[in-house]
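Student: just a sequence and a predicted model for now, questions to come.
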Amino acid sequence: MKRHLLWLFILGIAVILGGCGPEPMPIIVMITTTPEPTGTSVVRNMAAFPGPSPTPQGTPAPTDTPAPSAVPVNPTPTTAPVVPPEVPDNLPSLTQSRMGIQFHPFISRDNWNQRLTDVAELGFDWIKIQVAWDEMEREPNVYNPIFYEYAQRIQWASYVAGPRKILLSIAKAPNWARPTGYNDQLDGPPANPEDLARFITTLLTLVKPEDNRITAIEVWNEPNLEREWNGLPMNGAEYMKLFDVAYRTIKSMAPNIQVVTAGLAPVGDGVAGSVGDRTYLQQMYDAGLANYADVKVGAHPFPWANPPDERCCNTARGWADNRVFFFQDTLFDYRDIIQRNGHNTLIWVTEFGWGTYDNVGINGADGIPPDEAGFFSLLTEQQQAEYTIRAFQLLQQPPLSDFVEVAFLWNLNFAMLEGAIEQRQEQAGYSIFNASGQPRMLYFYLLHSPRQ
């Protein structure tokens with residue numbers, strides 16, 4: 001019993017996680033941090049997490065798995081009941097086996113179970129959880145207690161309101177594993193990929209691969225951004241060295257686990273602190289990606305404020321003058337690169353979504369959007385809901401359904417993290433629940449859209 005209480009105490013002070021920190025603020029994704037082995041809590045600086053770029057010229061979009069800059073807590077009690085908005089009667093029927101959502105799991109156990117129930121009620125077969133390696137192994141072979149709790153949570157996710165399919169995204173090397181000369185204000189890969197292989201081996205052993213609780217693993221997150229890949233040359237060939245070791249490790253332990261390449265941040269060529277995602281994907285193919293016949297190609301087609309049906313380009317508003325700002329253009333460009341390289345595989349959208357600060361605060365108060373996310377002001381809460389449902393519909397019918405297999409919405413509950421709204425964190429704008437844990441309009445659209 002004492003040990004159980006200790007776990008709850010550790011969880012209460014822990015910050016963890018992160019399908020999708022900034023230079024020019026390209027993409028915001030959250031990843032939580034875990035407490036120091038001594039029990040002191042560590043909170044990441046949100047400036048280190050990606051988010052859609054504020055500049056209208058070829059900046060990346062919101063992606064990466066989020067990592068709140070604050071410790072997650074139970075939602076603030078609401079003072080008034082939520083009045084469900086009117087929802088159209090003709091919402092499209094969607095196939096839930098092709099739908100997933102990412103959420104922050106290190107909350108109380110009761111809230112954890114409630115969030116899993118929410119995922120089921122909203123018609124998602126998949127959940128995505130980001131594993132922040134640096135928060136779990138602060139010293140070589142020394143794992144924080146939260147690491148073991150994390151492994152248990154992953155196992156529970158398969159059964160609570162389940163079964164659910166689980167995609168893990170593993171990223172962020174601890175400082176001891178990184179190459180000399182790295183910038184400790186930015187995340188990055190290990191100097192030796194075998195260190196990542198050992199971490200994956202330990203995690204999979206704890207979760208018991210024979211029980212098939214993990215369905216898929218995404219190897220890293222947005223490695224075409226310096227904030228995610230600092231310390232080693234930033235190019236597709238360097239990433240493939242890490243990917244190869246991770247792939248072989250996963251397949252040696254659990255051949256049934258689907259391996260997915262890192263979702264890239266949509267960004268144009270020539271943007272400081274990044275490599276254009278189309279260029280980077282071709283570099284991955286030049287380094288042998290097509291030789292991995294059974295992998296899926298990860299993508300983060302964030303659309304800023306552009307509707308899912310709209311194609312490039314539009315000079316009447318910001319964040320619309322480049323193909324990287326458009327949902328479908330990113331996906332079609334990736335398909336063309338995959339086909340050009342003779343790779344018979346499919347795309348997994350491991351992060352996408354639209355963000356707004358409408359109805360995001362305590363008891364549904366509107367918030368002031370982050371300075372780096374000016375495009376939030378171009379979107380209403382209703383547009384967020386309509387665009388998301390329409391995007392899922394487009395993904396599940398030709399031509400997109402011919403080459404996109406699964407899509408993960410970003411995100412479920414990041415606005416509920418303590419301080420997320422006060423600190424104007426971009427991740428909160430994509431959350432289905434507001435700071436009080438009340439459902440936003442997108443929740444009701446998802447709840448009432450029929451499922452196949």
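Tutor: Okay, I see it. No experiment lies behind these values; they were computed from the predicted model shown. Numbers count the residues shown, from 1 in each chain.

Student: every contact and neighbour count from this point should use C-alpha atoms.
Tutor: Noted.

Student: dump the residue contacts of residue 203.
Tutor: residue 151 (C-alpha atoms under 8 Å, 6 or more residues apart in numbering).

Student: how about the strand or helix carrying it, which residues are buried there?
Tutor: Element membership for residue 203, per DSSP states H and E: helix 193-207. Buried residues in helix 193-207, counted by 16 or more other C-alpha atoms under 10 Å: 193, 195, 196, 197, 199, 200, 201, 203, 204, 207.

Student: I'd like the next helix or strand past it.
Tutor: Note on helix 193-207: by DSSP H and E, the next helix or strand toward the C-terminus is strand 216-219.

Student: okay, now the sheet partners of that next one, with direction.
Tutor: In the sheet, strand 216-219 lines up against strand 165-171 (parallel), strand 258-261 (parallel) (DSSP bridges).

Student: can I get these in a markdown table including mean neighbour count?
Tutor: Output for the strands paired with strand 216-219, formatted as a markdown table (neighbours: other C-alpha atoms under 10 Å):
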| stretch | mean neighbour count |
| --- | --- |
| strand 165-171 | 25 |
| strand 258-261 | 24 |
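
Student: among these, which is nearest residue 231?
Tutor: strand 165-171 (14.3 Å; C-alpha to C-alpha).

Student: rebuild the strands paired with strand 216-219 as TSV, extending it with distance to residue 351 and mean pLDDT.
Tutor: Output for the strands paired with strand 216-219, formatted as TSV (distance: least, C-alpha to C-alpha, whole Å; pLDDT from 0 to 100):
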stretch	distance to residue 351	mean pLDDT
strand 165-171	11	95
strand 258-261	13	98
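
Student: dump these into CSV; add distance to residue 288 as well.
Tutor: Listed next are those as CSV, based on distance: least, C-alpha to C-alpha, whole Å:
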stretch, distance to residue 288
strand 165-171, 21
strand 258-261, 13
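
Student: nearest to residue 144, out of the ones you listed?
Tutor: Evaluated over the strands paired with strand 216-219, closeness to residue 144 peaks at strand 165-171, with 16.3 Å, by C-alpha to C-alpha.

Student: angle of that closest one against helix 193-207?
Tutor: For strand 165-171 against helix 193-207, the angle by axes from the mean of the first three to the mean of the last three C-alpha atoms, to 10 degrees is 150 degrees.

Student: which outside residues touch strand 165-171?
Tutor: Identification of contacts with strand 165-171 by C-alpha under 8 Å, 6+ apart yields 19, 65, 125-133, 154, 157-158, 189, 213-221.

Student: mind saving the C-alpha coords of it as CSV?
Tutor: What follows is strand 165-171, C-alpha atoms only, in CSV (Å, rounded to 0.1, in the frame of the first residue of the first chain):
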residue,chain,number,x,y,z
LYS,A,165,-4.3,-0.3,-30.5
ILE,A,166,-1.2,1.6,-29.3
LEU,A,167,1.3,3.6,-31.3
LEU,A,168,4.4,4.6,-29.2
SER,A,169,6.6,7.5,-30.5
ILE,A,170,10.1,7.2,-29.0
ALA,A,171,12.3,10.3,-29.1
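
Student: flag the shaky bits of the stretch 51-200 of the chain, pLDDT-wise.
Tutor: 51-80 (pLDDT under 70).

Student: of the strands paired with strand 216-219, which is nearest residue 391?
Tutor: strand 165-171 (20.4 Å).

Student: please name the nearest non-neighbouring residue to residue 178.
Tutor: Once flanking residues are discounted, residue 178 sits nearest to residue 190: 4.4 Å by C-alpha to C-alpha, 6 or more residues apart in numbering.

Student: hmm, that neighbour is touching residue 197, no?
Tutor: No - the criterion here is C-alpha atoms under 8 Å, and residue 190 misses it with residue 197 at 10.4 Å.

Student: tally of neighbours for residue 353?
Tutor: 29 (other C-alpha atoms under 10 Å).

Student: nearest residue to it other than its sequence neighbours?
Tutor: Nearest one to residue 353, counting by C-alpha to C-alpha, 6+ apart, is residue 410 at 5.4 Å.

Student: returning to what we had before: so how far is the helix holding residue 203 off the chain centroid?
Tutor: In terms of C-alpha atoms, centre = their mean, to the nearest Å, the centre of helix 193-207 is found 21 Å from the chain centre.

Student: got it, and stretch 297-314?
Tutor: Remark: stretch 297-314 is offset 16 Å from the chain centroid, using C-alpha atoms, centre = their mean.

Student: with stretch 415-429 instead?
Tutor: Taking the mean of its C-alpha atoms, stretch 415-429 sits 16 Å from the chain's own mean (C-alpha atoms, centre = their mean).

Student: and it, end to end?
Tutor: 7 Å (C-alpha to C-alpha, to the nearest Å).

Student: what residues sit buried inside it?
Tutor: By 16+ other C-alpha under 10 Å, the buried positions in stretch 415-429 come out as 415-421, 424-429.

Student: pick the one among those closest to residue 376.
Tutor: Comparing the buried residues of stretch 415-429 against residue 376 with C-alpha to C-alpha places residue 429 closest, at 7.7 Å.

Student: the closest one - that's part of a helix, no?
Tutor: Yes - counting by DSSP: H, G, I helix; E, B strand; the rest coil, residue 429 falls inside a helix.

Student: brilliant, that's me finished.
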